[in-house]
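Asker: A predicted structure for the sequence below; I have some questions about it.
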Amino acid sequence: MFEYALCLCAAVANKMLTIRQSELDALRRHGEETYPHECCGVMLGRMEGDERIVEDVLRAGNTRVDSPHNRYNIDPRELVRIQRQARERALDIVGFYHSHPDHPARWSQTDLAEAHWVGCSYAITSVENGRATVTNSFALEGTIEEDKRFADEQVRVVVAEAGD
Amino acid sequence: MKILIPTPLRQYAGKKDAVDVPAQTVGEALSGLTTQYSDLRKHLYTDDGKLRAFVNVYLNDEDIRYLQKENTPVNDGDTLAIVPSIAGG
């Protein structure tokens, strides 16, 4: 059984990302560990209508060693492996996360230009002086590359009851 | 062979996460896929018929760019994975 706690860290929207506290902590901690560089990773779970439910977060490497403080890229080979793992676990890739060292937790023009997984969530954590502050999430909407856009998404944090 | 469809493209492939197509090359497999699901074509290819730069295609664990691209031969048991890039700033 789980208790539900609402995280009011995003504008109210009809899009929602549901994630356990432990998974949210894990992706935030990743950003603290890689600071002052951007971290990145994949969120696995299930899509249910306008809701993306995260079951697991997997760390990925940032191949942008030329500019890691403000750029990230996940090696497609790593994604192929993660996708295979997800299929074996009957899970989907529902989104991705990365961090913004000393920068707000909002998508940048680069984030939008490089986003191609329409229907997925892009979670961004601001890491200031090595400490994770705000985590926001954005749903990539649109029907084609030319009309894609990010929509604010509510982040619903699921907290386990004591003893679970 | 099996072609794995990534989340953003499933709405154009009958909501399937994988499609089986008979093919002897990567090009034939992709052509078979876009013939069956014509809406996929504009998401995978530019107007001049080239794979979009952010569309990575893997034959098992190899990027086809480093094999013979669309001329790469395939076998029945092979898997093609379409993997759009993940990047940002």
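Answerer: Ah, there it is. Numbers count the residues shown, from 1 in each chain, chains lettered A, B, ... in the order given.

Asker: and the strands in chain B, which stretches?
Answerer: Ranges of strands in chain B, per DSSP state E, are B:2-4, B:18-20, B:55-59, B:62-63, B:79-84, B:86-88.

Asker: which residue does chain B have closest to chain A?
Answerer: Closest residue of chain B to chain A, C-beta to the nearest C-beta: residue B:89 (3.3 Å). Bear in mind the C-beta positions are built from the backbone N, C-alpha and C, glycine included.

Asker: show me what contacts residue B:8?
Answerer: Applying C-beta atoms under 8 Å, 6 or more residues apart in numbering or on different chains to residue B:8 gives the contacts A:116-120, A:140, B:84.

Asker: name the residues of chain A found near chain B, please.
Answerer: For chain A, the residues in contact with chain B (C-beta under 8 Å from any C-beta of the partner chain) are A:38, A:40, A:42, A:47, A:60, A:64, A:70-74, A:76-77, A:79-81, A:83, A:87, A:92-94, A:96, A:98, A:107-108, A:110-111, A:114-120, A:122, A:140, A:144-145.

Asker: go with 6 Å
Answerer: The interface of chain A toward chain B, taken as C-beta under 6 Å from any C-beta of the partner chain, is made up of A:70-74, A:76, A:79-80, A:92-93, A:96, A:108, A:110-111, A:114, A:116-120.

Asker: which residue does chain A have closest to chain B?
Answerer: Closest point on chain A to chain B, by C-beta to the nearest C-beta, is residue A:110, at 3.3 Å.

Asker: what pLDDT does the closest residue to that residue other than its chain neighbours get?
Answerer: In this structure, residue A:110 finds its nearest non-sequential neighbour in residue B:89, 3.3 Å apart by C-beta to C-beta, 6 or more residues apart in numbering or on different chains. pLDDT recorded at residue B:89 is 94.

Asker: where does chain A dip in pLDDT?
Answerer: For chain A, applying pLDDT under 70 flags the ranges A:1-13, A:160-164.

Asker: ok, back up a step: sec struct for the residue of chain A closest to chain B, please.
Answerer: With DSSP: H, G, I helix; E, B strand; the rest coil as the basis, residue A:110 sits in helix.

Asker: count of neighbours near it?
Answerer: By other C-beta atoms under 10 Å in any protein chain shown, the residues close to residue A:110 number 14.

Asker: same thing with residue A:155?
Answerer: By other C-beta under 10 Å, 21 other residues sit near residue A:155.

Asker: that one pairs with what?
Answerer: Counting by DSSP bridges, residue A:155 is bridged to residue A:7, residue A:17.

Asker: now it: how far from residue B:15?
Answerer: 26 Å (C-beta to C-beta, to the nearest Å).

Asker: and if you look at residue A:95?
Answerer: Taking C-beta to C-beta, one finds residue A:95 at 19 Å from residue B:15.

Asker: who has more neighbours, the two?
Answerer: Set side by side, residue A:95 and residue B:15 show more neighbours around residue A:95, with 28 against 8, by other C-beta under 10 Å.

Asker: next one: that one from residue B:79, what distance?
Answerer: 23 Å.

Asker: tell me the phi and psi of residue A:136?
Answerer: When read as degrees, to the nearest 10, the backbone of residue A:136 gives phi -120, psi 160.

Asker: tell me which residues in the lengthiest helix in chain B are buried?
Answerer: In terms of residue count, the longest helix belonging to chain B (DSSP state H) is helix B:26-36. In terms of neighbour count (16 or more other C-beta atoms under 10 Å in any protein chain shown), helix B:26-36 has its buried residues at B:26-30, B:32-34.

Asker: could you do stretch A:49-65 as well?
Answerer: A:51-60, A:62-64.

Asker: so the residue nearest to residue A:110 touches residue A:109, yeah?
Answerer: No: applying C-beta atoms under 6 Å, one finds residue B:89 not in contact with residue A:109, separated by 8.2 Å.
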